[in-house]
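Undergrad: Structure for this input, please:
(one chain, ligands or ions: 1)
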Amino acid sequence: MADSDSEPAMAFDVDTVFSQLKQTDKIALLSGIDFWHTHPIPAHNVPSVRFTDGPNGIRGTKFFAGVPAACLPCGTALGATWDKALLRKAGKLIGDECIAKGAHGWLGPTVNMQRSPLGGRGFESFSEDPHLAGTIAASMIIGCESTGIISTVKHFVGNDQEHERRAVDCLIAPRAFREVYLRPFQIVARDANPGALMTSYNKINGKHVVDNPELLQDLIRDEWKWDPLIVSDWYGTYTTIDAMVAGLDLEMPGVSRYRGKYIESAVQARLIKQSTIDARARRVLKFVHRASQVKVSEEEVGRDYPEDRALNRLVSSNAIVLLKNESSILPLPKTLKKIALIGSHVRTPQISGGGSATLLPYYTVSLHDAVTEAVPGATITHEVGAYAHSMLPAINSMLRNAIIQFYNEPPKVTDRKLLGIEHVKSATFQLMDYNEIPALNRGMFWGSLIGEFIPEATGTYDFGLTVFGTANLYLNDELIIENTTNQTRGTAFFGKGTVEKIGSKEMEAGKSYNIRIEFGSANTTTMETIGMVNFGGGAAHLGACLRMGREEMVQRAVDAAKEAEQTIICTGLSGEWESEGFDRPHMDLPPGIDEMISQVLAVAPNAVIVNQSGTPISMPWADQAKCIVQAWYGGNEAGHGMSDVLFGDVNPSGKLPLSWPVSVKHNPAYLNYASVGGRVLYGEDVYVGYKFYEKTDREVLFPFGHGLSYTTFALSSTEVRLDPEVFTPENPSVAVVKVKNTGAVSGQQVLQLYISAPTSPTPRPLKELHGFEKIMLQAGEEQEIRIPVDKYATSFWDEIESMWKSEAGTYEVLIGTSSQEILGTGKLVVPETRYWLGL
Ligand code: BGC
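TA: Numbers count the residues shown, from 1 in each chain. Next up, the predicted model:
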């Protein structure tokens with residue numbers, strides 16, 4: 001890689017350069033030049049620096065025909081590790097991947113809150129608990145920034161749902177705002193001090209965050225004394241003057257829609273002060289100065305090293321949560337001779353949720369690959385049992401020799417000029433940031449995907465075509481699907497695509513059929529685009545699937561399970577169901593899967609159920625199943641992660657970072673989710689997640705913090721020692737316990753510290769997480785563990801004084817291995833009430 005590395009830009013001195021900048025340069029600095037880059041000023045050696053998504057892998061500058069990348073498990077999976085040291089390493093991998101992709105700024109991590117299990121981007125965030133989310137995020141940021149890459153923590157603040165995300169007004173009471181939604185940002189500001197912050201799209205209490213000086217200036221810069229570069233979410237700047245005055249430094253992406261000449265005119269009219277322009281431009285310059293100190297690759301390249309794979313595999317397996325393990329079915333012996341692998345996800349591992357988190361992975365490992373590797377002596381049968389796709393699955397392996405040809409004219413122009421060609425391996429493409437062909441008119445262009453389709457089986461194939469733009473599908477020149485007229489909006493492509501249009505054809509296995517998609521870019525769409533952000537370029541997805549009767553599929557799965565010594569069912573959701581752009585309408589698995597699981601369990605009661613999803617799903621078969629494993633979206637190494645846990649190479653140590661409700665109707669945001677009349681009321685107040693379920697005595701399927709192990713742990717005493725017992729903000733305390741691995745194998749445990757304030761006159765959650773430590777103990781080993789307790793542990797946000805208040809009183813300190821499995825308690829005494837502001 002060394003040859004393609006660029007030298008860090010020639011150092012420039014911020015003050016000197018700033019004093020020499022012309023007004024036009026200053027204004028130019030305030031917005032990007034394209035989708036990912038800041039504005040350079042070559043005359044002063046000020047380079048253009050690059051941002052990239054984010055959050056759990058580094059895509060680089062291209063959604064389409066991008067450079068393959070490492071994909072870490074999704075946010076909730078990372079949250080489930082509860083492992084600060086491991087996530088520092090994961091953060092460093094993110095930084096290294098940025099360097100390989102020529103980027104200086106990582107658009108991550110995401111620290112929004114899971115108010116509801118239905119949030120489209122719930123999988124991207126870490127937890128329903130602000131302490132866990134903030135602490136995990138800080139570790140990743142420190143790891144990433146140790147490479148010189150700058151972290152852009154996002155989305156500040158309240159982007160906790162996707163529905164009407166640019167317009168929705170989140171009505172949040174000050175106490176919940178401070179204690180829950182702002183808290184992870186406050187923790188990272190204090191513990192990691194990331195170099196950048198991305199504003200959210202939404203409003204809070206009547207005002208867009210990006211236009212709100214009380215949040216950007218008064219809170220972040222003045223009260224917290226944190227000075228990140230403040231950058232808008234993509235197309236999330238809505239005003240020229242308000243956003244400038246509020247504190248937004250950089251509008252992204254470029255070219256500018258609200259700055260440039262509009263700023264010039266606002267300055268002339270004295271609607272923006274020169275000092276405001278100077279402050280914002282100087283902040284961008286400072287950011288570019290720091291960012292450009294790191295030596296990044298000139299080309300976007302891969303760096304798929306064995307040690308990265310090993311780390312990713314470790315993170316993937318350490319994130320897996322063993323939810324239920326009756327009769328100790330797991331770990332499975334490697335002496336098994338006949339294994340049935342059933343489910344939609346067995347051969348197609350889900351590595352990430354959808355939207356801007358998606359990327360082209362270096363490789364993926366399926367559960368099928370990993371079990372074949374782990375138990376080479378076994379005969380493995382596989383049945384899908386029930387499909388889990390929303391759109392028909394993308395055709396990858398059945399597509400050969402495929403290219404997309406690009407034109408500035410539609411197909412009816414017979415002598416149109418071919419401007420460029422891209423080779424593709426899949427019939428799904430997103431062209432929003434495609435910029436490879438200079439002559440292509442990005443406003444309006446056409447593409448023809450041509451290739452061969454070679455079916456794997458004989459029978460009727462269903463094809464499904466979804467598009468942002470227009471598209472028709474031809475097989476051997478026969479029109480199979482027309483998606484150019486009568487378009488209806490669906491959820492694909494950030495909510496800009498059509499619903500899927502279906503066509504079908506009888507086909508023979510192994511025969512080659514000419515496939516052709518005639519595609520028109522975003523602006524050829526016949527759907528209304530007013531009121532939504534048109535990312536341009538457009539996108540299409542062609543899927544295909546052998547048509548099979550539901551009953552026949554289930555019967556084949558049941559037969560396979562009957563014949564096997566051990567059955568493993570692996571199914572769940574995917575980036576099609578959990579994605580940026582929309583929220584889930586319910587918590588259920590795709591149609592037919594629950595029924596299939598129940599029928600297989602009826603003949604194979606010891607079947608292990610492995611679920612892949614970013615957030616909770618309903619499990620109507622939970623009582624019937626003896627063994628349930630939550631495997632999240634596991635990144636490149638998803639299959640290895642699962643098989644390492646299933647066969648005991650890794651003792652599971654993941655803990656739920658969110659509560660798992662029995663029913664979607666039980667969740668705290670059930671009555672107040674989605675935008676209604678332009679607003680969403682955060683009516684559960686501070687009682688988010690387990691704080692709600694505990695306070696209302698509502699049973700959950702699996703509690704926050706829960707996760708089983710193949711060994712057992714005990715505290716040497718149920719008394720937790722506090723050192724010191726009398727606590728002041730200046731002299732905080734440490735909880736001290738001795739913990740022992742009382743089982744037969746080594747394993748990791750997460751000791752979770754909760755605080756309860758039973759004597760407080762103020763209504764409070766029954767308990768709140770305020771500390772945790774993950775430890776590794778050999779069988780029989782005992783260790784003393786110290787968990788620090790800070791001033792927030794005894795505090796709440798006082799809405800009358802508008803300050804944090806640590807109330808005098810006696811607090812209980814609870815140490816547990818889940819929010820419901822408390823092993824020891826201690827006492828903490830706060831002698832006098834204190835108020836404060838700041839970090
Ligand atoms: C997302 C951000 C992302 C940005 C750039 C936006 O739609 O909300 O999280 O970083 O796009 O892709």
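Undergrad: which residues of the stretch 151-300 of the chain fall in helices?
TA: Using DSSP state H, counting those that start in this stretch, the helices of the stretch 151-300 of the chain run over residues 174-176, 183-191, 213, 241-246, 261-268, 274-291.
Undergrad: got the buried residues for the fifth one?
TA: So the one you mean is helix 261-268. Buried residues in helix 261-268, counted by 16 or more other C-beta atoms under 10 Å: 262-263, 266-267. All C-beta spots, glycine's among them, are computed from the backbone N, C-alpha and C.
Undergrad: Give me the contact list for it.
TA: Residues outside helix 261-268 that contact it (C-beta atoms under 8 Å, 6 or more residues apart in numbering): 23-24, 27, 30, 240-241, 244, 272, 274, 277.
Undergrad: now, which of the residues you listed sits nearest the ligand?
TA: Nearest to the ligand among these is Leu30, at 18.2 Å by C-beta to the nearest ligand atom.
Undergrad: quick one: that closest one and Lys286, what's the gap?
TA: Distance of Leu30 to Lys286, computed by C-beta to C-beta, to the nearest Å: 13 Å.
Undergrad: Likewise for Cys98?
TA: From Cys98 to Lys286 the distance is 19 Å (C-beta to C-beta).
Undergrad: ok, now Asp15?
TA: Plainly put, Asp15 is 10 Å away from Lys286 if you go by C-beta to C-beta.
Undergrad: neighbour count winner among those two?
TA: A count of neighbours by other C-beta atoms under 10 Å puts Lys286 above the other of Asp15 and Lys286, at 17 against 11.
Undergrad: Who are the contact partners of that one?
TA: By C-beta under 8 Å, 6+ apart, the contact list for Lys286 reads 14, 229.
Undergrad: Tell me, please, where in the chain the pLDDT is lower than the cut-off.
TA: Flagging of the chain using pLDDT under 70 yields the residue ranges 1-10, 530-534.
Undergrad: Walk me through the domains of it.
TA: 24-291, 316-390+549-701, 396-546, 711-836 (automatic domain parsing).
Undergrad: List, one by one, the residues from the stretch 351-500 of the chain near the ligand.
TA: The stretch 351-500 of the chain comes close to the ligand at residues Ser356, as judged by C-beta under 6 Å from any ligand atom.
Undergrad: Residues of the chain that sit close to the ligand?
TA: Contact residues, the chain versus the ligand (C-beta under 6 Å from any ligand atom): 53-54, 107, 154, 233-234, 356.
Undergrad: Tell me if Glu773 really is in a strand.
TA: Yes: assessed with DSSP: H, G, I helix; E, B strand; the rest coil, Glu773 lies in a strand.
Undergrad: So for this structure, which residue is the most central one in space?
TA: The centroid of the chain falls nearest to Glu124 when counting by C-alpha atoms, centre = their mean (1.8 Å).
Undergrad: and that one, what is it in contact with?
TA: Neighbours of Glu124 in contact, by C-beta under 8 Å, 6+ apart: 55-56, 74-75, 110, 112, 353, 355, 357, 580, 614.
Undergrad: I'd like to know which of the residues you listed are part of helices.
TA: Counting by DSSP state H, the contacts of Glu124 place Gly75 in helices.
Undergrad: What is the nearest of the contacts of Glu124 to Glu500?
TA: Set against Glu500, the nearest of the contacts of Glu124 by C-beta to C-beta is Gly355 (17.8 Å).
Undergrad: what residues are up against the nearest residue to that closest one once chain neighbours are set aside?
TA: Once flanking residues are discounted, Gly355 sits nearest to Glu580: 2.5 Å by C-beta to C-beta, 6 or more residues apart in numbering. Applying C-beta under 8 Å, 6+ apart to Glu580 gives the contacts 120-121, 124, 162, 354-357, 494.
Undergrad: Looking at the residues you listed, which two lie furthest apart in space?
TA: Farthest-apart pair in the contacts of Glu580 is Glu124 and Phe494; separation 13.7 Å (C-beta to C-beta).
Undergrad: list residues touching both of these two?
TA: Here Glu124 and Phe494 share the contacting residues 355, 580, scored by C-beta under 8 Å, 6+ apart.
Undergrad: distance of Asn472 from Gly503?
TA: From Asn472 to Gly503 the distance is 10 Å (C-beta to C-beta).
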